[in-house]
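J.: 3D, please:
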Amino acid sequence: MTVSPPLLNPFPGLRPFEVGETHLFFGRDGQSSEIVARLERRRFVAVVGTSGSGKSSLVRAGLLPMIEGGFMASAGSFWRFAVMRPGNNAIRSLASALAVAAAPSGVSCASGARAPLIEAVLRRSGLGLIDVFKQSGPAPNENLLVVVDQFEELFRFSQLGHVGDPADDSAAFVNLLLEAARSREQRIYIVLTMRSDFLGDCARFRDLPEMLNDAQYLIPRLTRDQHRATIEGPAAVSGATIAPRLTQRLLNDAGDDPDLLPILQHALMRTWDAWNVAGAWERPIDLEHYLGIGGMAQALSLHAEQAYGELAATPDAQAVAQSLFRSLCERGADYRETRRPTSLSDLIKVAGTDAATMTLVIDAFRREGRTFIMPGWPAKLEPDTVIDISHESLIRQWHTLREWVRSEARSEAFYQRLRQTAQLWPQNAALWRNPDLDRALLWEREERPSPAWALRYGTREEFTRAIEFLRASEAAWREEIERIAESDRAATERELAMRTQREREARLQAEVRELQSRKRLLQAVVVLVPALIAGLGWALYNRSDAIMQSEIALAQAQRAQRAADLARAETLKAQQARERSEQLLERLTNSNRLKQAFLTGDIATIQRIAAGTKPDPALHFATSRTALNWKTRDNKSVYRWDLFPTPESLKGPLESASQISYYMNHPTFNVKLLSAGAGSGFRASYNGWGCLSIVYVLIEYNDTYTPPRLTQFDQCDAIQ
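T.: From the prediction side, this is the model:
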């Protein structure tokens, strides 16, 4: 027997049930009737509950079909419905809903053309909603039901780009609703849906708390049997059965937490799809299908990650997706995570992309079988289409999105601090310095803020002022760094000059002491020679042997002559030593000038001296590169470069070297000095994305009297 495939998936996922899905809406029996009774009595009902408790579904798929079916006997069955969400501009959203629901009789112009006219009437007075319905020409027994879904948006969104005080505009919107509900002249009914954690915020509007006290419906928590009906009922309507053990597992996983209702619906939608793909339609939906999609704990996150992963094949699509969700979600000052519906045109501006790419990304999260984003598939997206995530539970369940929301909150907090400081500058705030400036520049590089993004948190002028303040802080800090560097260079030059002067004076004093010692020796010789001659003469005078005395005197005279010759030779040596000292001092002075040029970054002096010094053929240097596996923003591969002399040079001309300095001038670094000692094998390293055709090398020796040696080599030719 061939089993025909079942009907379409009956589970809506994260989105609420719609009016046309009443046959799939189970588990709320009797609750819609209670709301109808309260609405009939007060003409105003606020359906309140926690996030994910099913408020929107109860109103759309439960309340509206009952009212349209005539279950409010006193009002009849002739109704116009205006379903709206406040969004960024509540009165404008109301006007758009009324343009469709309360169009004047006989007027054929499009609702988009009627909306501005209706908005003007709404803003004219507190009776604007009554006037709009009156001007629409309702039938004698016709009623208007205004459904304000997600009423808490009134507290969360500022009316960007709208003239006037947002608080006053919100109060005017609330007053329109209250006046319409109190009117007995026109048959207007108001229904609100609102998260219970925003109930206290209603106290900021006059008369709204009093109205809520009499007309509030707190949506009850589902019992276990009602939960069972939400699981098994839609499946049975669509021609499938669910295994009892799977039902029990779903009930246990859902527990009593009302926040898990949309998560349960999403898990059921995914489980149905897994069962349908398997093709064994004669078998019930069972645990194997449920566990295959990750269960309630992981189904939503895995499904969203799957959609996000598919975008990797399209360049920049994942970055656009991150920008999209960061724009659609926000975390308030009270750390409540909420939705932030935004128009498609604004999303495109914030992401800095085009309409085709943004539409492709949105469609990846709302195509058939995915209900992460509204409007659902296959609704056409126009520039003014309001895009929204289906439910706040997506933020809490999708781990990646939760981190994006946190990142956006941190970025917003930093921008608010920057914006506020910029507004006080220069009268009441100073320019930023480190570490604040470093954090600000890092934030700017990573977040790449734009005027369109900043409109979420202020005005375009405030953003311009903030960036101007940041650029001024950066320029001032660079000037300060340059002043400090210049001061350090001047101090280094003075210290080098003083050290050179001290060394020169010490050498000169040593030479003077040596010359004085030689002078004293010569003076002693001059004194001793006459005394010796006198003694010899006295001996000759007293000796009887004249010939012997003559020989002795001659010998003494010869010795005196030799001593005089020796004195003259020593004087000549001293003069030559002094000349060599002066020459050595001059060579050392020139060498110090070269070393100073290396230390202070005087590239002009280095190039001038190197121009007269050809590369030393006796010296050979090598270089190696190691890939670092990361790239620059313009997609250049970055390497680690090592510079070092070859072993032959180390055994030869560099055997007595003490330090080698490598000096490079290249746009990659501007200028860079690397020094290496004998302990490292004279090896130096740097990171970059290209080799250098010229590297200047300064070699210093262990013997301080040996002048440094300057050479150069081509790193590109030396790559090993």
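J.: which one's the longest helix in this protein?
T.: Counting by DSSP state H, the longest helix found in the chain is helix 460-542.
J.: Give the full set of residues in contact with the nearest residue to Leu39 once chain neighbours are set aside.
T.: Take Leu39 and drop its neighbours on the chain: the residue closest to it by Cβ to Cβ, 6 or more residues apart in numbering is Val45, 4.7 Å away. Placement of C-beta: from N, CA and C, glycine included. Contacts for Val45 (Cβ atoms under 8 Å, 6 or more residues apart in numbering) come out as Ile35, Arg38, Leu39, Ile190, Val191, Leu192, Ala215, Gln216, Tyr217.
J.: tell me the secondary structure for Val45?
T.: strand (DSSP: H, G, I helix; E, B strand; the rest coil).
J.: Could you report the separation of it from Asp29?
T.: 18 Å (Cβ to Cβ, to the nearest Å).
J.: swap in Leu521?
T.: For Leu521, the distance to Asp29 - Cβ to Cβ - is 128 Å.
J.: Could you do Ile263 as well?
T.: Taken as Cβ to Cβ, the span from Ile263 to Asp29 is 22 Å.
J.: Where does pLDDT dip in the stretch 151-300 of the chain?
T.: 157-167, 258-259 (pLDDT under 70).
J.: Helices of that one, residue ranges please.
T.: With helices called from DSSP state H, counting those that start in this stretch, the stretch 151-300 of the chain shows them at 153-156, 166-182, 208-214, 224-237, 244-254, 261-278, 287-292, 295-310.
J.: So for the residue most central in space within the chain, what's the pLDDT?
T.: Per Cα atoms, centre = their mean, the C-alpha nearest to the average position across the chain is that of Glu446, at 3.1 Å. Model confidence at Glu446, given as pLDDT, is 90.
J.: Also Pro653?
T.: 86.
J.: same thing with Leu328?
T.: At Leu328, the pLDDT recorded in the model is 91.
J.: What's the separation between it and Ile362?
T.: For Leu328 relative to Ile362 (Cβ to Cβ), the value is 10 Å.
J.: Give me the common contacts of these two.
T.: Ile373, Ile387.
J.: Give me the more crowded residue out of Ile263 and Asp29.
T.: Ile263 (24 against 11; other Cβ atoms under 10 Å).
J.: Quick check, the more buried one in contact with Ser393.
T.: Yes - using Cβ atoms under 8 Å, Ile263 is in contact with Ser393, at 5.6 Å.
J.: which residues do those two both contact?
T.: What both Ile263 and Ser393 touch, as defined by Cβ under 8 Å, 6+ apart, is the set Gly52, Leu300.
J.: Could you say which helix or strand holds Arg625?
T.: Secondary structure assignment for Arg625, by DSSP states H and E: strand 621-631.
J.: let me fix that: Ser658
T.: Going by DSSP H and E, Ser658 is part of strand 657-666.
J.: pLDDT on that strand, on average?
T.: 86.
J.: Now do the helix or strand just after that strand against strand 657-666: the angle between them, please.
T.: Scanning forward in sequence from strand 657-666 by DSSP H and E, the next helix or strand is strand 670-677. Calculated by axes from the mean of the first three to the mean of the last three Cα atoms, to 10 degrees, strand 670-677 forms an angle of 170 degrees with strand 657-666.
J.: Name the residues that touch strand 670-677?
T.: 598-599, 601, 603, 643-644, 658-666, 682-686.
J.: follow-up on the earlier one: and for the strand holding Ser658, what's in contact with it?
T.: Contacts of strand 657-666 (Cβ under 8 Å, 6+ apart): 598, 603, 606, 643, 645, 654, 671-678, 682, 684, 686, 688, 690, 692, 694-702.
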